[in-house]
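Trainee: output the structure for:
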Amino acid sequence: MNRRSFLRSSAASAAFLAARQSGIADILPAIIPDLNVNRHRFGVNYTPSHDWWFCWNNWNPSPIEKDLDAIASLHADHMRIMLIWPYFQPNLTWIDPRMIDRLHQLISLMQQRHLDALITVFTGQLSGWFFLPPFNKPNSGFYTDPKIKAAQLLLIQKLAAVVRDHPNVIGLDLGNELNTCWQASTTDGDTWMQWIFSQINQSMPGHLNVNGVDQQPWFTDTTFSPESLVTQQRMPVMHCYPYWSGALQYGGAMDPPSTKLLAAMATLIRSYASTSQLPVWAGEFNTCIPGLTQKQQAQWLQFAVTAAIQQGVNWFTYWDSHDLDPKFSFNPVEYSLGLLTNSNQVKQQGYTFRELAIAYAGKPVVYPTSTLPAPPTSRNNNTTWQWMLDWINWNDHSEKA
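Mentor: Numbers count the residues shown, from 1 in each chain. Alright, predicted model coming up:
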């Protein structure tokens, strides 16, 4: 962490403590980290090396502290951390105070290492597994049922009370790819998103709150409209994976549909906002391509981020911090996605991430000046991909690595 970031974090902490001691903290605006979206930031999606996110139920700060030290050594300045909704709220009207306390501990440990936090809330779905509270099902009632919405509001209010005690919280992410767990019409999804953002902004004003959807709402007509995603957020979030997005239909791992996916998706998102000046956050990105070596993964990371920087992508949050322990029965590709091993050894892609963070973090974003194309005329995977291939100028689909 550079000296400027250290001083900013220390000053924020001192200001908050002074406000608490003087008794005026409750009437001051929330004390929050530097949210200048016009400068590049680099962070990671945190995957605890010890017991994955099941660690919420088997709490042990010691291995977490070692993880955070390793993450900070990569020059990351923020982390996206995952709440597991049924662990935090197993009942419509009750929030588990142990989980709230553990979240407080985790954010405090991060603050000691000058790491800011983005906190997912209604998760929901994570790495292909579903985590549903007993009172909810994977259907559109998530967005429309008054009892479910009352439970959601209760959790937001409890979380906001904790967040106000920490100057290193960026804000809340509504969930981890909500649309992969709860689908609805875009009318219901957009209405709910507007409502929940208004509730969050009342409970914790001044923060940067987002809706980290996967690629589908940008590619197809589902759950949230791209028009609402770009108007209801200060900085829309994109999740970019060549494997899951379908890029490999059009080229190999090191071909432009893969290495320029972040740049192309950012352009797609900006097309819905009709401005190339819209800040865009790469909230999750990796290849997820089975069989790539560390060297190849590091090469892809270098190409993808450099191309995205050239197109003015603002913040980067890599998926993920650590490899997943194979003792858990996840998709095998999950076991090798980290910048760090389970024992906190830096992998080749970890060294590349650190080099990129050192080179670009804190520098002004240079937005593109070329004419922005109109968005796709219809929303489906084929037409959206053709739109991106045209932008990339890659139309020889037979030419694959």
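Trainee: contacts and neighbour counts: CA atoms only from here.
Mentor: OK.
Trainee: look up the closest residue to the residue nearest the centre of the chain, ignoring the ones flanking it.
Mentor: By Cα atoms, centre = their mean, the mean C-alpha position of the chain lies nearest to Gly283, the distance being 3.4 Å. Excluding the flanking residues, the one nearest Gly283 by Cα to Cα, 6 or more residues apart in numbering is Thr317, at 4.9 Å.
Trainee: per-residue confidence averaged over the host helix or strand of that neighbour?
Mentor: Per DSSP states H and E, Thr317 falls inside strand 315-319. Strand 315-319 carries an average pLDDT of 98.
Trainee: what about the residue nearest to Gly283, how many neighbours?
Mentor: As a burial measure, Thr317 scores 24 neighbours (other Cα atoms under 10 Å).
Trainee: and it, what does it touch?
Mentor: Applying Cα atoms under 8 Å, 6 or more residues apart in numbering to Thr317 gives the contacts 42-45, 78-80, 281-285.
Trainee: Leu172 too?
Mentor: Residues near Leu172 by Cα under 8 Å, 6+ apart: 118-121, 208-210.
Trainee: pick the one among those closest to Leu103.
Mentor: Ile119 (9.5 Å; Cα to Cα).
Trainee: so what's the closest one bridging to?
Mentor: Ile81, Leu172 (DSSP bridges).
Trainee: wait, it touches Trp85, no?
Mentor: No: here Ile119 lies out of contact with Trp85, judged by Cα atoms under 8 Å, at a distance of 11.8 Å.
Trainee: any idea of the pLDDT on Leu324?
Mentor: With respect to pLDDT, Leu324 scores 92.
Trainee: and it, what element?
Mentor: For Leu324, there is no host helix or strand (DSSP H and E).
Trainee: how about the closest residue to it other than its chain neighbours, phi and psi?
Mentor: In space, Leu324 comes closest to Tyr335 once its chain neighbours are excluded; the distance is 4.4 Å by Cα to Cα, 6+ apart. Main-chain torsions, Tyr335, degrees, to the nearest 10: phi -70, psi -10.
Trainee: what's near enough to touch Tyr335?
Mentor: So Tyr335 contacts 323-326 (Cα under 8 Å, 6+ apart).
Trainee: before we move on, the earlier item: which one's more surrounded, Ile119 and Trp85?
Mentor: Ile119 (25 against 21).
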